[in-house]
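Engineer: dropping a prediction and its sequence here:
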Amino acid sequence: MKIFRPLWMSLGLALRKQHHLFLRRSCATVVLASSMISQGVGLNPAQAQTTAYCQLTAEAIAQKDTLRLAAVTGDSNAKARYQALLTKHTRQLQQCRKQTWPQNQAIWIRLYPCDLRPGALDQIMDQIINRGYNEVYVEVFYSGQVLLPAATNKTPWPSVVRTPGLEKADLLAQAIAKGHERGLRVYAWMFTMNFGYSYALRSDRQQALARNGKGQTTVAIADQASLQLDLSAPIAEETFIDPYSRYAQYDYYQLVQEIVKRRPDGVLFDYVRYPRGLGTASLATSVQDLWIYGEASQQSLLQRALNPKGQELIRRFLTRGYITVGDVQSVDKLYPQQNPPLWEGHTVTSTKSLTPSQQQVTLQQDLWYLSVAHAVQGILDFLTTASLSAQRQGVPSGAVFFPGGNQVVGQGFDSRLQAWDRFPATLEWHPMAYAVCGATNANCIVEEVRRVLSQAAPETQVKPVLAGIWGKSISNRPSLEQQMAALRQAMPQINSVSHFAFSWQEPQSDRNRKFCQLQPTTASTGVKPE
């Protein structure tokens, strides 16, 4: 994929002038041709069963639980009363959210095969409504699995539900239907460049995996980290791909198409980045730290050369991680009639007054910036292609990211290279404001969101993601009430916030659902009889 030459020319100049601005100005999104409280709620008669934050009262929750359990056993009267109560709670929540900051409040959730048991999804969606949420983000692609029916799953990944007899069960479609029944907006949340360990096991997809300068995949790095007990490094289930790989692009494009066929209200792309490196490699300071050594990425980088001299120097820089004065001289001898080495972004200046040593320093610096920008551009292109697949079906998209994922430290870069400030302005931005500054202090969390807002275009919807639970601190983070109050005071213009995650708020429920044994005779396939 060719990038507009003016972009890269301006990049070279900007990087030499102000290194710290690189991740803000280095790349522009290119579409492949083929390819975010009120402490008290003013209650009126219609809201009599809601409390602060639009949560239902304990009495209302108990009444609904009783009716739901009776409805599951076949009690037709209870079923009718349960449906009427769902409608009532939907109206109450909608009215409350219109009057309560934020207007949109979402929660992230992972579903399991046992959620196919009769009444299970009803219970989950009821719990979400009970806590005042009007949006839910359902994880549909994670750990190398997809939330698609096994019988019609044509993707390279296994289905989440693999129980014999339930090959047609469509858990995602059921979740969307159950959510819509309660007035919830249901988003599909999916990993992006992390394809999962199952993908790494495919012999026909080895060329699609990301590799560093040592030829290692992220699976190899994870194995090394497990031996060193480094919990900050990629874990075994993570397998990152080369975003320039046509195989990876095609596989993911097809997956998104299958997801949007279920008509979610939006698609959220997570893991739009490279992995954090192991130990000192968490900071990329050398070209060999970059995940650009996959076959497709290397070829695309070489194609950024604009003449044979430039291509040969790029090749030598990739191979050794540096170039020497001898390389500059030998390349001149190889192509004596050629202009100075050229590649996208490299500004041509007169070299007559420069010594070979001075030429080497300048060229090597430009090659380093070219390589980093090439790595970043791969991420941006991959995200654009993925979101295009959803947008063509009329489904809006968003990107999930770490506000600190695009930091520059000295002469190096955060190894994730998550240049979110260059994500398309037309996407929703979901910054994961997970900073930790104490159990009663939310200042660093607010500052993360403030930084994102300062760099977002006016038309971009910024929807912060907060980690925590209601009523108390957890993992040295304030309660959700404290975080949201601080966020509202600092940035009242934000009208959408999400909370990570359902499993934090309902840990026992999550464990039970995750480890239960599903039997086909006690499951709902969501498929009408033929």
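Structural biologist: Happy to help now that I have it.

Engineer: OK, contacts around L85?
Structural biologist: Applying CB atoms under 8 Å, 6 or more residues apart in numbering, we find L85 in contact with 63-64, 67. In this view, the C-beta of every residue, glycine as well, is placed from N, C-alpha and C.

Engineer: could you point out which element follows the strand or helix carrying it?
Structural biologist: Assigned by DSSP states H and E, L85 belongs to helix 76-99. For helix 76-99, the following helix or strand on the C-terminal side (DSSP H and E) is strand 104-110.

Engineer: ok, that following strand: who's next to it in the sheet?
Structural biologist: Using DSSP bridges, strand 104-110 pairs in its sheet with strand 135-142 (parallel), strand 496-500 (parallel).

Engineer: looking at these, which is buried most?
Structural biologist: Among the strands paired with strand 104-110, strand 135-142 has the highest mean neighbour count (mean count of other CB atoms under 10 Å), at a mean of 25.

Engineer: in CSV, list the C-alpha atoms belonging to that strand.
Structural biologist: Output in CSV follows, covering the C-alpha atoms of strand 135-142 (Å, rounded to 0.1, in the frame of the first residue of the first chain):
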residue,chain,number,x,y,z
GLU,A,135,-25.9,0.2,26.3
VAL,A,136,-24.0,-3.1,26.5
TYR,A,137,-20.8,-4.0,24.6
VAL,A,138,-20.8,-7.7,23.9
GLU,A,139,-17.4,-9.4,23.2
VAL,A,140,-17.7,-11.2,20.0
PHE,A,141,-14.1,-12.1,19.1
TYR,A,142,-11.6,-12.8,21.8
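
Engineer: hey, what's V267 bridged with?
Structural biologist: A188, S397.

Engineer: on that earlier part again, go through the contacts of L85 and name the one nearest S300.
Structural biologist: Distance to S300 across the contacts of L85 (CB to CB) is lowest for K64, with 54.9 Å.

Engineer: run through who's touching the host helix or strand of the closest one.
Structural biologist: In this assignment (DSSP H and E), K64 forms part of helix 58-72. For helix 58-72, contacts defined as CB under 8 Å, 6+ apart pick out 49-50, 56, 78-79, 81-82, 85-86, 89, 118-119, 122-123, 126, 130.

Engineer: chain center to that helix: distance?
Structural biologist: In terms of CA atoms, centre = their mean, to the nearest Å, the centre of helix 58-72 is set 36 Å apart from its chain centre.

Engineer: likewise stretch 386-404?
Structural biologist: So, by CA atoms, centre = their mean, the centroid of stretch 386-404 is 9 Å from its chain's centroid.

Engineer: what do you get for stretch 478-489?
Structural biologist: Averaging C-alpha positions (CA atoms, centre = their mean) puts stretch 478-489 24 Å from its chain's average.

Engineer: that stretch - what's its average pLDDT?
Structural biologist: In this model, stretch 478-489 has an average pLDDT of 97.

Engineer: and F141, how far is that from L166?
Structural biologist: Between F141 and L166 the distance is 19 Å, computed by CB to CB, to the nearest Å.

Engineer: swap in G279?
Structural biologist: Relative to L166, G279 is positioned 43 Å away (CB to CB).

Engineer: next one: L487
Structural biologist: Separation of L487 from L166 (CB to CB): 42 Å.

Engineer: please enumerate the strands of the stretch 101-250 of the chain.
Structural biologist: Assigned by DSSP state E, counting those that start in this stretch, the strands in the stretch 101-250 of the chain fall at 104-110, 135-142, 145-146, 185-191.

Engineer: so which of those strands is nearest I469?
Structural biologist: Proximity to I469, assessed across these by CB to CB, is greatest for strand 104-110 (11.0 Å).

Engineer: give me the buried positions along the top helix by length along the chain.
Structural biologist: Of all segments of type helix in the chain, defined using DSSP state H, the longest is helix 356-391. Using 16 or more other CB atoms under 10 Å as the test for burial, helix 356-391 gives 359-360, 362-364, 366-391.

Engineer: helices or strands up against that helix?
Structural biologist: Helix 356-391 sits against helix 5-17, helix 22-25, helix 246-260, strand 266-270, helix 295-302, helix 308-320, helix 325-334, strand 397-401, with contacts defined as 3 or more CB pairs under 8 Å, 6 or more residues apart in numbering; DSSP states H and E.

Engineer: how far out from the middle of the chain is it?
Structural biologist: Relative to its chain's centre, helix 356-391 lies at 20 Å (CA atoms, centre = their mean).

Engineer: try stretch 483-496
Structural biologist: What separates the centre of stretch 483-496 from the centre of its chain is 23 Å, taken as CA atoms, centre = their mean.

Engineer: ends of it, how far apart?
Structural biologist: Stretch 483-496 has an end-to-end distance of 14 Å (criterion: CA to CA, to the nearest Å).

Engineer: got it, and stretch 187-207?
Structural biologist: Across stretch 187-207, the terminal residues are separated by 31 Å (CA to CA).

Engineer: pull out the buried residues from it.
Structural biologist: Neighbour-count burial for stretch 187-207, counted by 16+ other CB under 10 Å, picks out 187-200, 205.

Engineer: relative to T285, which of the residues you listed is nearest.
Structural biologist: Looking across the buried residues of stretch 187-207 and measuring by CB to CB, the closest to T285 is M193, at 21.6 Å.

Engineer: quick check: A52 vs D65, distance?
Structural biologist: Distance, A52 to D65, using CB to CB: 21 Å.

Engineer: which residue lies nearest the spatial centre of this protein?
Structural biologist: Most central in the chain under CA atoms, centre = their mean is D270, positioned 1.1 Å from the mean C-alpha point.

Engineer: for it, which residues are in contact?
Structural biologist: D270 makes contacts with 189-192, 400, as judged by CB under 8 Å, 6+ apart.

Engineer: so what would you say the end-to-end distance of stretch 346-356 is?
Structural biologist: End-to-end distance (CA to CA), stretch 346-356: 17 Å.

Engineer: quick check: mean pLDDT across it?
Structural biologist: Rounded mean pLDDT across stretch 346-356 is 73.

Engineer: before we move on, what about stretch 380-395?
Structural biologist: Mean pLDDT, computed over stretch 380-395, is 94.
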